[in-house]
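Student: how would this look folded up:
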Amino acid sequence: MRILVTNDDGIGAPGIKALAEALTGLGQVTVVAPDRERSAAGHSLTLHSPLRVFELRPDWYAVDGTPTDCVNMGIHSLLETPPDLVVSGINHGGNMGDDITYSGTVAAAMEANLMGIPSLAVSLATYGPTDHFPDAARVTVQVVREMVRQGLPADTFLNLNIPNLPFEQIKPVQITRQGKRSFVGKIVDKTDPRGRKYYWIGSEEPSFLDDEGTDFNAVGNAHSSLTPLHLDLTNHRAMDSLVRWEIA
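Tutor: So this is what the prediction gives:
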């Protein structure tokens, strides 16, 4: 099996190293990842400047672009044949609920899905210091084995979030739906030494709706959360209402 590994934390991140090492036992692993952190890059492509690729060692490539760029470069240029599977991660921080719309980790798996390649986004649900990337990688291997054995439904890719715990303390994987977070936006404005304003986009400490069956609820209860995603953003429930509009 040919596996393409990428992330949005950058090629030097501990999560991608643990992931690539764990997946080596399942097949031939090629790593194509951003040369620096590209968190919250979303599903963005670099269209107005050329991309540069640096081979750091055999089968390890750094790209000065986004996670979506990396998937494109891997599939269309760097690999001799398309991969059988794309795995993106292991992200340092959860990608649950509404956060998946920003996530470069999830976007990389989304791009592979657009190209018809089975894909999985993986995140470790902590933003603080952690030494549990190898534990998360063990969970990922379990999920990948079952992905290969069962296959995926059409137009589906997977989003896996793993609690920040030792492997032995992580409860069985739960199949979940995308949850909701309560988000309070915040702009921090400062003044530089030359008297010019600059701004940081941020937020207050987020809170989550702890609804049963959601990704947040599963991870909060020490389960790994596995959410099937697809690219159809149509709000089908709203269509019956909109068709009654009288638009000239």
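
Student: From now on I want contacts and neighbour counts done on CA atoms only, so please keep to that.
Tutor: OK.

Student: all strands in the chain, in order from the N-terminus.
Tutor: 2-6, 28-34, 53-57, 60-63, 85-92, 119-125, 157-163, 171-175, 181-182, 185-191, 197-203, 207-208, 223-229 (DSSP state E).

Student: List the neighbouring strands of the fifth one plus their orientation.
Tutor: Partners of strand 85-92 in the sheet, by DSSP bridges, are strand 2-6 (parallel), strand 119-125 (parallel).

Student: Contacts for the helix ranked longest in the chain next, please.
Tutor: Across the chain, the longest stretch assigned as helix under DSSP state H is helix 133-150. The contact list for helix 133-150 (CA atoms under 8 Å, 6 or more residues apart in numbering) reads 14-15, 18-19, 22-23, 90, 122, 124, 160, 162-167.

Student: which of those are buried?
Tutor: Using 16 or more other CA atoms under 10 Å as the burial test, those include 14-15, 18-19, 22-23, 90, 122, 124, 160, 162-165, 167 as buried.

Student: quick revisit: I'd like to know which of the strands of the chain is closest to D240.
Tutor: Smallest distance to D240 across those (CA to CA): 23.5 Å, for strand 223-229.

Student: which helices and strands sit right next to the closest one?
Tutor: strand 157-163, strand 171-175, helix 215-220 (3 or more CA pairs under 8 Å, 6 or more residues apart in numbering; DSSP states H and E).

Student: which of the ones you listed is buried the deepest?
Tutor: Each of those was scored by mean neighbour count; the highest is strand 157-163, a mean of 28, by mean count of other CA atoms under 10 Å.

Student: what packs against that strand?
Tutor: Using 3+ CA pairs under 8 Å, 6+ apart: strand 157-163 touches helix 104-114, strand 119-125, helix 133-150, helix 215-220, strand 223-229.

Student: one more time with 10 Å
Tutor: strand 85-92, helix 104-114, strand 119-125, helix 133-150, strand 171-175, helix 215-220, strand 223-229 (3 or more CA pairs under 10 Å, 6 or more residues apart in numbering; DSSP states H and E).

Student: neighbouring strands for it, and are they parallel or not?
Tutor: Here, using DSSP bridges, strand 157-163 pairs with strand 119-125 (parallel), strand 223-229 (antiparallel).

Student: Mind putting these into CSV with mean pLDDT and distance to T191?
Tutor: Converted to CSV, those look like this (pLDDT from 0 to 100; distance: least, CA to CA, whole Å):
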stretch, mean pLDDT, distance to T191
strand 119-125, 98, 34
strand 223-229, 98, 42
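
Student: can you put those strands in a markdown table and add distance to D211?
Tutor: Converted to a markdown table, the strands paired with strand 157-163 look like this (distance: least, CA to CA, whole Å):
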| stretch | distance to D211 |
| --- | --- |
| strand 119-125 | 17 |
| strand 223-229 | 13 |
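
Student: so of those, which one's packed in deepest?
Tutor: By mean count of other CA under 10 Å, the strands paired with strand 157-163 have strand 119-125 as the most buried, with a mean of 29.

Student: That one to helix 133-150, inter-axis angle?
Tutor: 150 degrees (axes from the mean of the first three to the mean of the last three CA atoms, to 10 degrees).

Student: Any chance of the helices and strands packed on strand 223-229 in CSV with distance to T30 and mean pLDDT as columns?
Tutor: Formatted as CSV, the helices and strands packed on strand 223-229 follow (distance: least, CA to CA, whole Å; pLDDT from 0 to 100):
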stretch, distance to T30, mean pLDDT
strand 157-163, 20, 98
strand 171-175, 26, 98
helix 215-220, 29, 96
